[in-house]
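Trainee: mind looking at a prediction? Sequence and model below.
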Number of protein chains: 2
Amino acid sequence: MSRTIPEATVGRLPLYLRVLVDLAEAGGGTVSSEELAVAAGVNSAKVRKDLSYLGSYGTRGVGYDVAYLIHQIRRELGLTQHWGIVIVGVGNLGQALANYRGFAERGFQVAALIDDDPEKVGRSVGGLAVRALHELPGIVREAEVAIGVIATPASAAQDVADHMVAAGIRSILNFAPAVVTVPEGVTIRKVDLAVELQILAYYEQRKAALADVRRRGKAVAEAGPPATSRS
Amino acid sequence: MSRTIPEATVGRLPLYLRVLVDLAEAGGGTVSSEELAVAAGVNSAKVRKDLSYLGSYGTRGVGYDVAYLIHQIRRELGLTQHWGIVIVGVGNLGQALANYRGFAERGFQVAALIDDDPEKVGRSVGGLAVRALHELPGIVREAEVAIGVIATPASAAQDVADHMVAAGIRSILNFAPAVVTVPEGVTIRKVDLAVELQILAYYEQRKAALADVRRRGKAVAEAGPPATSRS
DNA sequence: TGGTGTGAAACTTTTCACAGCT
DNA sequence: AGCTGTGAAAAGTTTCACACCA
């Protein structure tokens, strides 16, 4: 029944969902694409196009019923069920993820924490005992873990991913700054904290360069003939 | 001089850079677009197109000089200078970011940690004393902070962003699950950990649904006439 | 010979603009 | 009268395929 949803749209549905949940708490019965767009920081045509991939859930002249739309997005994203996740790597980041409230709120339950450092195994983090990597297959089976999170140093990432795949995990979120390859049929996404900073640095540098050109332009204008080029 | 680089390319340059640095450590003098593509997990035409935006730094029949390419990408991304960053919000995530080695390795120095909880102010985290939010303008001026990182709960994010902008910060990385608006001229990027899991859940659910259809199809095939549709 | 650099084609995503429903 | 749903245009991105050059 459900047609394929473009990747770009899938990436925005969680955003709309968060905004809608906030709206629902504020008691909004219906919302227009324009209101939703402003709250999500995108434009309204995009909102309407995105939501149209889910079906025709709006009412012309009125808008979208907030509660109903929340339900439809949840269903489409597969959030009407709970998901078990396992975090491998209990360093600073792994611990922060283990304690992150936002996962549980959205239906993701940390079923286990794993680290191969014998020093860490057995310790309790966020109410969960840290376990060894070789226990992964059993954990995946018993706790029905669907998603694996890699929070190890880069050097361990590929090995951990291989263990995850062998244990039956088919969706992986990789926080390690390393390229990890997985077989066909396994989905992997990566989040690299330093990459985001580097992208910001690029645009920041451009702004500085631009300001510099303007300053020079102004200095020229003050000192001699006005610049003609506008570029 | 330097033409504008497409956003998609800017997003991949840090990835190439990481791979190239690894290659340089392994002693590689030159690298072909194909080798780089494999190591970065993309295709070689994309690598060549991306690198062509920086200029013609390759040699036909040979490839790219690893050290030279590293230098050019660093220069283009603005990584030849050091960047001061300030992290606001010293919860689990803020602490993990403060201790993250990957930032310093790439030229980002955490100049200050800020939290408005009086309990936390004055405490030392990762060798840095936590300071109060009202100190931000002075910190930005003295330490020449260019980038602000928001690691607070969603409810505080907009307020923190406003303080950052007022203090003169023009590039912000937001980890809080909230839409934050900033004035023209300020760049903001967001990383939402739960969003990534939701996207994975969507594709995982699709795979499950597909497997289900196949299973039914097989059952039908075993029980009666073979299915004709392939789709 | 081998691999870059790049027009052109294919595909994806965004935006426009308006018919059509409530 | 107002807002959705959507074709069609525009913009951006990826991939192809090959001329060109070390």
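Mentor: All right, it came through fine. Numbering: from 1, shown residues only, chains lettered A, B, ... in the order given.
Trainee: CA atoms for contacts and neighbours, from now on please.
Mentor: Fine.
Trainee: how far away is the residue lying closest to A:Ala39 once chain neighbours are set aside from B:Glu7?
Mentor: Leaving aside its chain neighbours, A:Ala39 sits nearest to A:Val19 (6.6 Å; criterion: CA to CA, 6 or more residues apart in numbering or on different chains). Separation of A:Val19 from B:Glu7 (CA to CA, to the nearest Å): 26 Å.
Trainee: looking at the two, which is more packed in?
Mentor: Neighbours per residue, other CA atoms under 10 Å in any protein chain shown: of A:Val19 and B:Glu7, the larger number sits with A:Val19, 19 against 9.
Trainee: tell me the helix or strand right after the host helix or strand of A:Ala67.
Mentor: Assigned by DSSP states H and E, A:Ala67 falls within helix A:66-77. Downstream of helix A:66-77, the first helix or strand assigned by DSSP H and E is strand A:83-88.
Trainee: give me the distance from the following helix or strand past that next one to the chain's centre.
Mentor: Once the chain leaves strand A:83-88, the next helix or strand it forms, by DSSP H and E, is helix A:92-99. Centroid displacement of helix A:92-99 relative to its chain, using CA atoms, centre = their mean, to the nearest Å, is 16 Å.
Trainee: all strands for chain A, in order.
Mentor: Along chain A, the segments classed as strands by DSSP state E run A:30-31, A:58-59, A:63-65, A:83-88, A:108-114, A:124-125, A:128-131, A:145-150, A:171-174, A:187-190.
Trainee: can you list the strands that the fourth one pairs with?
Mentor: In other words, strand A:83-88. strand A:108-114 (parallel), strand A:145-150 (parallel) (DSSP bridges).
Trainee: report the inter-axis angle for the longest one versus helix A:92-99.
Mentor: Relative orientation of strand A:108-114 with respect to helix A:92-99: 140 degrees, computed using axes from the mean of the first three to the mean of the last three CA atoms, to 10 degrees.
Trainee: what does chain A have sitting close to DNA strand D?
Mentor: A:31-34, A:45, A:48-49, A:51-53, A:55-64 (CA under 7 Å from any atom of the strand).
Trainee: just the buried ones out of these, please.
Mentor: Buried by 16 or more other CA atoms under 10 Å in any protein chain shown: A:31-34, A:48, A:51, A:53, A:58, A:63-64, out of the residues of chain A next to DNA strand D.
Trainee: closest to DNA strand C out of those residues?
Mentor: Among these, A:Arg48 lies closest to DNA strand C (CA to the nearest atom of the strand), at 7.7 Å.
Trainee: spatially nearest residue to that closest one (excluding sequence neighbours)?
Mentor: A:Ser33 (6.1 Å).
Trainee: how confident was the prediction at that neighbour?
Mentor: At A:Ser33, the predicted lDDT confidence score is 98.
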